[in-house]
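# Structure of the sequence below:
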Amino acid sequence: MRWLTRDDLGAAGRSASGLLVVSPDAASVFPLGPGERADAAAMTGAALKAAGVSARDRVVVALAEPAGALWAGAAADVAGAAASVGPRGRMRLHHALTSVGATALVATPTGAMDFLARLHLEFLLDPLDLGLRTIVLTGENAAKRTMAYLAKEFDAEVTEVYASPFTGAALACRTAEEEPFVPLAEGILGLAALGKDALDPDEGELAEVVITPRGHAALGDAVLRTGQVSRGGLAPAHTVGEHVLVRGVWVSLLRIQKALAKVDGVSGWKLTVSRQGTLDAAVLTVSFNRASLVKNPMWKSRIQQAIHGLTPVQIGVEVAPEVSEAVTPGVVEDQRGHHLGRDRSLAG
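Here you go, the predicted model:
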């Protein structure tokens, strides 16, 4: 039995075959053969049916790729019509919903909440006028009471779907946040200890959600660590490891570390992630080992350009005012309370 992480999948990308589902930063490469593609579409369609989507519905999918196309394709097989419009632009989303006469929306939890906030505060529109009957949330850890609040504001049925962090395909769903997710197929999801490669950790312990794609043509008996952590059942509320989930996108801490290592004078860094409003925000604070670099705009610009090329997530860059001669490892300050640490063995 092989235990693989997101970085392991990325390292094997050069030899992978079939349809390769590549994450936005290319840190993960997940191979899908014809059978796996059919299974992913079927399970995503089953999740939509479980959420109440039927042939009378018209579905708009507001997710980033590669998940957007997969969900729209599955929705087209279940609903009367489906469209993938991407996650950006709330006014554009509103126009898309009205243009196609959407009755169902698939979005991230923060995307749906931000859309609702803008309907009220910027567009001065009543969300009930959209006529949405169904909202499906996926791709992020939802804040408390998100499902109930959206259900009330849109007068819609709200379902949360746990999707594969590698492909975006649906794996489990629930209709209330206090409930655990119910897998859409037996044997595909499990829980594993954080500090060792072992399934079925002790009850009540923090445990990592793992995917066991038995029968996968390329991965076989592999156990895939998702980086998502739960306590007491299949209800992930945290993350762990070398990737942080920001705005529905996994940000690689190792790639940040390698990029900053190429910039002369960097002695340490801290990635701060917060959610003060409806959306996540990320800021990278860099420490220099020489006073001449602290207020040097060229050095800050170099770091901004290096980070900009790593991920589609917008990450602000700040420079620590104090000089730090000692080299220190990069750290994550997750003010949302999601990320437990880079080292799995210390997170429990």
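# quick one, what contacts the spatially most distant residue from the centre of the chain?
For the chain, the largest distance from the centre (CA atoms, centre = their mean) belongs to Ser292, which lies 38.5 Å off. Going by CB atoms under 8 Å, 6 or more residues apart in numbering, Ser292 touches no other residue. (Each C-beta comes from the backbone N, C-alpha and C, glycine too.)
# gap between the helix or strand of the chain with the lowest mean pLDDT and the chain center?
When each helix and strand of the chain is scored by mean pLDDT, DSSP states H and E, helix 344-347 comes last, with a mean of 86. Relative to the mean C-alpha coordinate of its chain, helix 344-347 is positioned 21 Å out (CA atoms, centre = their mean, to the nearest Å).
# What of stretch 147-166?
For stretch 147-166, the distance from its own C-alpha centre to the chain's C-alpha centre is 15 Å (CA atoms, centre = their mean).
# what residues are up against the residue sitting nearest the centre point of the chain?
Central residue of the chain (CA atoms, centre = their mean): Gly248, 3.2 Å from the mean position. By CB under 8 Å, 6+ apart, the contact list for Gly248 reads Leu63, Ala64, Pro87, Thr108, Thr110, Gly111, Gly139, Glu140.
# Would you agree Gln304 is in contact with Gln314?
No. Counting by CB atoms under 8 Å, no contact exists between Gln304 and Gln314, whose distance comes to 10.7 Å.
# contact partners of the least confident helix or strand of the chain?
Leu194, Gly195, Leu206, Glu208, Val229, Val240, Gly241, Leu340, Gly341.
# doesn't the fourth one fall inside a helix?
In other words, Glu208. No. Under DSSP: H, G, I helix; E, B strand; the rest coil, Glu208 falls outside any helix and is assigned strand.
# Do I have it right that it meets Ala192?
Yes. The pair Glu208 / Ala192 is scored as a contact, 5.0 Å apart, by CB under 8 Å.
# So which of these two has more stuff around it?
Glu208 (26 against 22; other CB atoms under 10 Å).
# how close does the more buried one get to Ser267?
In this view, Glu208 and Ser267 are 32 Å apart by CB to CB, to the nearest Å.
# Quickly note the distance from the closest residue to Leu32 other than its chain neighbours to Pro34.
Once flanking residues are discounted, Leu32 sits nearest to Leu19: 4.5 Å by CB to CB, 6 or more residues apart in numbering. Taking CB to CB as the measure, Leu19 falls 9 Å from Pro34.
# ok, those two, which is more surrounded?
Leu19 (15 against 10).
# looking at it, that one is touching Phe30, isn't it?
No. Here Leu19 does not reach Phe30: they are 9.1 Å apart, not a contact under CB under 8 Å.
# Could you look up the SS state of the closest residue in space to Ala112 that isn't next to it in sequence?
Leaving aside its sequence neighbours, Ala112 sits nearest to Leu150 (CB to CB, 6+ apart; 5.8 Å). State at Leu150, reduced to three classes by three-state DSSP: helix.
# Leu150 and Glu160, how far apart?
Distance from Leu150 to Glu160, by CB to CB: 10 Å.
# and for the two, which residues touch both?
In contact with both Leu150 and Glu160: Leu137, using CB under 8 Å, 6+ apart.
# what's near enough to touch Arg118?
If you count contacts by CB under 8 Å, 6+ apart, then Arg118 has Arg90, Met91 around it.
# which parts of the strand or helix carrying it are buried?
Using DSSP states H and E, Arg118 sits within helix 109-121. Of all the residues in helix 109-121, those buried under the rule 16 or more other CB atoms under 10 Å are Pro109, Thr110, Gly111, Ala112, Met113, Asp114, Phe115, Leu116, Arg118, Leu119.
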